[in-house]
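1. Got a sequence here, can you model it:
(one chain, ligands or ions: 1)
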Amino acid sequence: MVDVVNVGYVVDGARLLDDVTVHFRPNRLNVVLGPNGAGKSTLLKIATGLLAPTSGEVRYATSGGARTPAAFSPDALARTRAVLSQHVELVFPLPVEEVVLMGRYPHFGRSPGARDRDIVRQALDLVGMLGYAGRAYPTLSGGEQQKVQLARVLAQIWNADAVDRQPKVLFLDEPTASLDVHYQLHLLEIARGLRDVDCTVVAVLHDLNVALQYGDVFFLLDGGRLVLETEDATAIPRELLERVFRVRADRAVDAETGEAFWRFRL
Ligand SMILES: Nc1ncnc2c1ncn2[C@@H]1O[C@H](COP(=O)(O)OP(=O)(O)OP(=O)(O)O)[C@@H](O)[C@H]1O
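-> Next comes the predicted model:
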């Protein structure tokens, strides 16, 4: 669905990305990993079309052939892919329902239809925030606001009960940062569920164990370069993790479940 081909990005003389080629797997949860400053957010901004690469290109597969993000109209691009970034500030006291309705703007002309309102309520229900529909957005906690923003992007690319279902992409940049452990897992369950409705998910995640538990394919960035791509969570070499994240890493096994996980120390 989305291919990043030989992408480089240079700004103010700094090379943030260096010849990165990534084939994001369609209808899978693609996880981008890497230490602070590795270039993950930059890669996401380029893949979403928010930033133009200095070299190389991004291609979206469409029924009419491969297209760069710039070849879409802004509304058509917004109907194809949605982006949830780390912090979404909104000071205006809009009701939660209206914030989620923003995700439907690229779909309706002058005013929303019954279908748009229905999708907003379904999206709020999915993230467990339907009971907050009438609340003023700024009165919500950081984590609650993040759930509402998730509902907004879900509404933007809503495919669940669409009659004319089109392939969609959801980009998530550290989406779990302000969520408690229950909602971290809840969000990743939702993200995984999107695979069943023709939606490709690309997520930057920092919690390595959670990432490995939920992801289908992993892309490890370091210093603006892709240093590992694998579909096998157990295939990530310990030495590579230790070097890239500058920690000591041990593979441990949960005595009850038998599941392997990483334990880190300095
Ligand atoms: N205008 C700029 N000039 C120089 N360096 C920049 C500029 N903008 C960003 N950078 C650097 O580019 C690097 C990559 O930034 P990016 O936000 O993509 O990293 P990241 O992997 O998402 O990091 P984090 O995990 O901390 O969010 C960082 O070291 C950042 O300081």
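
2. give the contact list for residue 117.
-> Applying CB atoms under 8 Å, 6 or more residues apart in numbering to residue 117 gives the contacts residue 101. (C-beta placed from N, C-alpha, C; glycine too.)

3. what about dumping the CA coordinates of the lengthiest helix in the chain to CSV?
-> Scanning the chain for the longest helix, with DSSP state H as the assignment, gives helix 142-156. Output in CSV follows, covering the C-alpha atoms of helix 142-156 (Å, rounded to 0.1, in the frame of the first residue of the first chain):
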residue,chain,number,x,y,z
GLY,A,142,-4.3,14.1,28.4
GLY,A,143,-5.0,10.4,27.9
GLU,A,144,-8.7,11.0,27.3
GLN,A,145,-7.8,13.6,24.7
GLN,A,146,-5.5,11.1,23.0
LYS,A,147,-8.4,8.6,22.8
VAL,A,148,-10.6,11.3,21.3
GLN,A,149,-7.9,12.1,18.7
LEU,A,150,-7.7,8.4,17.9
ALA,A,151,-11.5,8.4,17.4
ARG,A,152,-11.0,11.4,15.0
VAL,A,153,-8.5,9.6,12.8
LEU,A,154,-10.5,6.4,12.8
ALA,A,155,-13.6,8.4,11.7
GLN,A,156,-11.4,10.0,8.9
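
4. ok, for the residue positioned nearest the centre of the chain, nearest residue in space, not its chain neighbours?
-> The centroid of the chain falls nearest to residue 172 when counting by CA atoms, centre = their mean (1.9 Å). Leaving aside its sequence neighbours, residue 172 sits nearest to residue 203 (CB to CB, 6 or more residues apart in numbering; 4.1 Å).

5. who in this structure is up against the ligand?
-> Proximity of the chain to the ligand (CB under 6 Å from any ligand atom) is limited to residues 11-12, 14, 16, 34, 36-42.

6. Include pLDDT when you put the residues you listed into JSON lines, please.
-> Output for the residues of the chain next to the ligand, formatted as JSON lines (pLDDT from 0 to 100):
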{"residue": "11", "pLDDT": "96"}
{"residue": "12", "pLDDT": "94"}
{"residue": "14", "pLDDT": "96"}
{"residue": "16", "pLDDT": "98"}
{"residue": "34", "pLDDT": "97"}
{"residue": "36", "pLDDT": "96"}
{"residue": "37", "pLDDT": "96"}
{"residue": "38", "pLDDT": "98"}
{"residue": "39", "pLDDT": "98"}
{"residue": "40", "pLDDT": "97"}
{"residue": "41", "pLDDT": "96"}
{"residue": "42", "pLDDT": "97"}
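
7. Of those, which count as buried by neighbour count?
-> Buried members of the residues of the chain next to the ligand, scored by 16 or more other CB atoms under 10 Å, are 16, 34, 38-42.

8. Farthest-apart pair in the residues you listed, please.
-> 16 and 34 (12.1 Å; CB to CB).

9. coming back round to it: so which of the residues of the chain next to the ligand are in helices?
-> 40-42.

10. Of the residues you listed, which is the nearest to residue 184?
-> residue 40 (17.8 Å).

11. Contacts only, for the closest one.
-> Neighbours of residue 40 in contact, by CB under 8 Å, 6+ apart: 32-34, 173, 204, 221.

12. now with 10 Å?
-> Contact partners of residue 40, counting by CB atoms under 10 Å, 6 or more residues apart in numbering, are 17, 32-34, 173-174, 204-206, 219-221.

13. Closest one of those to the ligand?
-> Taking CB to the nearest ligand atom as the measure, the ligand lies nearest residue 34 of the contacts of residue 40, at 5.3 Å.

14. hmm, back to that, out of the contacts of residue 40, who's the most crowded?
-> residue 32 (29 neighbours; other CB atoms under 10 Å).

15. and the strand or helix carrying that residue, how far out from the chain's middle?
-> In the assignment (DSSP states H and E), residue 32 maps to strand 29-33. Centroid separation for strand 29-33 versus its chain: 8 Å, with CA atoms, centre = their mean, to the nearest Å.

16. Kindly report the same for stretch 45-55.
-> Taking mean C-alpha positions (CA atoms, centre = their mean), stretch 45-55 and its chain are 15 Å apart.

17. average pLDDT for that stretch?
-> Averaged across stretch 45-55, pLDDT comes to 97.
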